[in-house]
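*Asks:* Need a 3D model of the following:
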Amino acid sequence: MENLTVILQSSLAKLDVKLNLKKLPVAAHADAVMSHKSQIALWIDSPIQPDANYVVGLMYTSGSLVNYSNFADAQVDKMEEAGASITDPQKRIEFHKAVQERIQEQAAFGWSVEPYYRIGISNKLRGFRWYTTQYYEVYQMSFKD
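*Replies:* Take a look at the predicted model:
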């Protein structure tokens with residue numbers, strides 16, 4: 001991720017923001033992020049379920065172990081709790097738009113890129129779908145005639 005940090009540093013410099021880079025061994029970097037001690041860090045992670053309430057509960061509720069940014073907002077906590085009981089898919093999506101807006105107002109995370117993810121697919125393959133759980137299902141795929 002060194003290249004990404006240099007790009008980030010030069011981009012922020014254009015906004016008069018100085019970013020001092022500190023290269024750490026992998027274990028020390030993971031410890032700094034997971035112990036919630038980093039002011040800023042590049043971290044590759046993604047929720048494994050494509051559900052807004054799951055993501056909010058995992059990454060944005062107060063005290064969650066995966067809330068790396070120490071984001072805390074009582075209203076978001078209450079909204080996440082209320083959102084868990086909404087089972088209608090469209091209503092669930094609509095409800096969570098307000099949760100997303102609330103989180104974005106406070107800029108808890110800056111989602112940027114996922115480096116190194118590449119997949120080559122033949123133009124004869126159909127039915128390929130990538131899931132946020134980092135997998136695909138072979139039974140959904142077939143070859144064009």
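
*Asks:* From the centroid of the protein, which residue is nearest?
*Replies:* Nearest residue to the geometric centre of the chain (C-alpha atoms, centre = their mean): S46, 4.5 Å.

*Asks:* Quick check: which element contains that residue?
*Replies:* Assigning secondary structure by DSSP states H and E places S46 outside every helix and strand.

*Asks:* what pLDDT does it get?
*Replies:* Among the per-residue scores, S46 shows a pLDDT of 72.

*Asks:* how much space between it and K91?
*Replies:* Between S46 and K91 the distance, using C-beta to C-beta, to the nearest Å, works out to 25 Å. All C-beta atoms are positioned from the backbone trio N, CA, C, and that covers glycine.

*Asks:* now D16
*Replies:* Distance from D16 to K91, by C-beta to C-beta: 44 Å.

*Asks:* more crowded one of those two?
*Replies:* Using other C-beta atoms under 10 Å as the criterion, D16 and K91 rank with K91 on top: 11 against 6.

*Asks:* May I ask you to name the longest helix in the chain?
*Replies:* What stands out as the longest helix in the chain, according to DSSP state H, is helix 89-105.

*Asks:* residues of it that come out buried?
*Replies:* Residues R92, F95, H96, V99, I103 are the ones in helix 89-105 that count as buried (16 or more other C-beta atoms under 10 Å).

*Asks:* tell me the two of the residues you listed that are most distant?
*Replies:* Across the buried residues of helix 89-105, the longest distance by C-beta to C-beta is 16.1 Å; it joins R92 and I103.

*Asks:* residues touching I119, list them.
*Replies:* By C-beta atoms under 8 Å, 6 or more residues apart in numbering, I119 lies in contact with W130.

*Asks:* what helix or strand does it sit in?
*Replies:* Using DSSP H and E, no helix or strand contains I119.

*Asks:* where in this structure is pLDDT low?
*Replies:* Within the chain, the stretches with pLDDT under 70 are 108-117, 132-134.
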